[in-house]
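*Asks:* model this:
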Amino acid sequence: VIVAANLIKKDDEMSVRENRMLEQRPQVNVTDIADGKFMKDYEAYVSDQFVFRDIWVGAKAKMDLMLGKNSSNGVYHGRNGYLIEDAKKPDEVHMSQNIDAINKLADSGNVNVYTMFVPNAVCVMEDKLPAFAPVRSQKDDLKALNGRLSANVKQLDVTAALEGKKEGEQLYYRNDHHWTTAAAYLAFQSSAGVLGLDANKVSYDRYTVSSNFVGTLAATSGYGASKKDTIEIFKPNNSDVEYVVEYVEQMEKKASVYDSEMLDNNDKYAVFFGGNYPMIKIKTTNREGRNLLVIKDSYANCFVPFLAPHYRNIIMVDPRYYYGDLEKLIQVENVQEILYLYNANTFFSD
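*Replies:* As a prediction, this is how the structure comes out:
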């Protein structure tokens, strides 16, 4: 019956619960069959498209918990309802290329280059991990990464700032891999001096915009959410800087960095900028500010709003979706500063 159901079932393009694209049926060619790539791709395809997949994943995860196994699909079932993604082993080939590119740009002297590699919950929230969890030391990996960066790269190390506040603030969502807005604000405060910004220039009011956020880790692990998360936004209360947010490829403009319509979807974290896009331009009324290029992953989405009052223009580029010429972009937009902002797991594996 299951085999027949899989033959009949139409393939899905995306998993809404996991917020990711699903594997599609691979094309058959002799080369891929010969080196084994076709079978690996086909196995991934079958795993993603299997009928009633979410039900099977959830049942497997709950059975494993009953047997004493506390990890599923790279996610630990931690204390106090925390689901914590395991630390990724650095992909040395691609990471070396990325480091060389960052160093080359910094050593050119044409722009000021900053890096912020944000530790994941597995690094900061070690006390929430299951006892004796065999996790890789992300802190050591970050230390090694920072040691390979050029002296011309200005490093924004936020690990100590986050560790110092983990008892007073919720820094990571319980069932999603992102950091919270409160954590992003702590990171901004700790790094503003290196960026040449006054962290006390703008003060903020905090607003809860959702109290029923269930993130991707709940779905990918199969554990579900024992407690739903709260999403906050920070609104400036003493800044007269206004801005326009331009979604370049979509040819749309908005007057806010927040997209409240996304709060009605599963991926409520997309309230920040509406999610990830190839390029977003933020034009502000701050005539004294500089032009900043942010090369980023989704961790930047709740961080960049804290930068907006301090810059004239901010260009956000997500290399996962952007295929333009960055060198040309830097020249055309008269970029003076570049910030690489990634969570550690993404930088180590992308």
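
*Asks:* Give me the residues contacting stretch 44-53.
*Replies:* Taking contacts as Cβ atoms under 8 Å, 6 or more residues apart in numbering, the residues outside stretch 44-53 that touch it are 2, 5-6, 9, 11-12, 15, 22-26, 56. No exception for glycine: its C-beta is placed from N, CA and C like everyone else's.

*Asks:* From these, pick the one nearest Asn276.
*Replies:* Compare each of the contacts of stretch 44-53 with Asn276 using Cβ to Cβ and the shortest gap goes to Ser15, at 15.8 Å.

*Asks:* Flag the least confident of the contacts of stretch 44-53.
*Replies:* Ranked by pLDDT, the contacts of stretch 44-53 bottom out at Ser15, which has 69.

*Asks:* for this protein, which strand is longest?
*Replies:* Using DSSP state E to assign secondary structure, the strand with the most residues in the chain is strand 204-213.

*Asks:* Show me what that one is packed up against.
*Replies:* Contacts defined by 3 or more Cβ pairs under 8 Å, 6 or more residues apart in numbering; DSSP states H and E place strand 204-213 against helix 181-195, strand 229-236.

*Asks:* Let me know which of the ones you listed is the nearest to Lys60.
*Replies:* For the helices and strands packed on strand 204-213, proximity to Lys60 was assessed by Cβ to Cβ; strand 229-236 is nearest, at 23.8 Å.

*Asks:* For the following helix or strand past the closest one, what does the pLDDT average out to?
*Replies:* With elements assigned by DSSP states H and E, the helix or strand that comes after strand 229-236 is strand 243-247. For strand 243-247, the mean pLDDT works out to 96.

*Asks:* Direction included, what does strand 243-247 pair up with?
*Replies:* If you go by DSSP bridges, strand 243-247 pairs up with strand 252-254 (antiparallel), strand 279-284 (antiparallel).

*Asks:* winner for burial among those strands?
*Replies:* For the strands paired with strand 243-247, average neighbour numbers computed from mean count of other Cβ atoms under 10 Å are highest in strand 279-284, which has a mean of 19.

*Asks:* C-alpha coordinates for that one, PDB please?
*Replies:* Taking only C-alpha atoms (Å, rounded to 0.1, in the frame of the first residue of the first chain), the coordinates of strand 279-284 have been written out as PDB:
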ATOM      1  CA  MET A 279      19.100  41.900  -2.500                       C
ATOM      2  CA  ILE A 280      17.400  44.500  -0.300                       C
ATOM      3  CA  LYS A 281      18.400  48.200  -0.200                       C
ATOM      4  CA  ILE A 282      17.600  50.400   2.700                       C
ATOM      5  CA  LYS A 283      17.700  54.100   1.900                       C
ATOM      6  CA  THR A 284      17.600  56.400   5.000                       C
END
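
*Asks:* Name the surrounding residues that touch that strand.
*Replies:* Outside of strand 279-284, the residues that reach it under the criterion Cβ under 8 Å, 6+ apart are 241-249, 257, 273, 304, 308-309, 311-318, 322, 324.

*Asks:* Would you mind checking these for buried ones?
*Replies:* In terms of neighbour count (16 or more other Cβ atoms under 10 Å), the buried residues within the contacts of strand 279-284 are 241, 243, 245-248, 257, 273, 304, 308-309, 311-318, 322.

*Asks:* Out of those residues, name the ones that lie in strands.
*Replies:* Checking the buried ones among the contacts of strand 279-284 against DSSP E, those in strands are 243, 245-247, 313-317.

*Asks:* List just the nearest of those to Asp32.
*Replies:* Out of those, the one with the shortest distance to Asp32 is Val317. That distance is 31.8 Å, counting by Cβ to Cβ.
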